[in-house]
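Peer 1: Have a look; sequence and predicted model below, questions after that.
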Amino acid sequence: MTEKTEVTASKTITQEILNFSNDSDVNDILNLQTEVLKKQYETNNTLNHFNEFSQQKFNQISADFEKNTKMIKEMKKDLDYIFKKTRSIHSILNEKFPNSVPQMEHIIDDEDDD
């Protein structure tokens, strides 16, 4: 019994490609592909380290930012209270001494703050 070798289009194309190239060219291509793959791994490692570093810094900065935001909100509440009290005292003084208390036109009204 003899085995028949089937000739298919893919085998023919593969054989023709192998005939066009020599071993040196194939080895050069393989070496180049290996170098590119190594560089991709190195780049991937660098990016992973950078992402980890960025995540750590973001966590640190995020906590500081949240703390500072709370502090600024508290300061705004305190300032609003101070301005309200100042206006109240000004009104009382203006009622008791209408000509001796300077007008507070430079202070912004509550409606303009928001």
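Peer 2: That came through fine.

Peer 1: What is the burial count for Phe97?
Peer 2: Neighbourhood size, Phe97 [other CB atoms under 10 Å]: 9. Every C-beta, even on glycine, is put in place using the N, C-alpha and C of the backbone.

Peer 1: By mean pLDDT, flag the weakest helix or strand of this structure.
Peer 2: In the chain, no helix or strand scores lower on mean pLDDT, DSSP states H and E than helix 110-113, which sits at a mean of 51.

Peer 1: And the helices in the chain?
Peer 2: Assigned by DSSP state H, the helices in the chain fall at 9-20, 23-96, 110-113.

Peer 1: In JSON lines: the ones you listed, plus mean neighbour count.
Peer 2: Shown next, in JSON lines, are the helices of the chain (neighbours: other CB atoms under 10 Å):
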{"stretch": "helix 9-20", "mean neighbour count": "9"}
{"stretch": "helix 23-96", "mean neighbour count": "10"}
{"stretch": "helix 110-113", "mean neighbour count": "8"}
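
Peer 1: Can you flag the weakest of the ones you listed by average pLDDT?
Peer 2: Of all the helices of the chain, mean pLDDT reaches its minimum on helix 110-113 (a mean of 51).

Peer 1: how far away is Ile61 from Asp25?
Peer 2: 53 Å (CB to CB, to the nearest Å).

Peer 1: let me fix that: Asn44
Peer 2: The gap separating Asn44 from Asp25 is 28 Å, by CB to CB.
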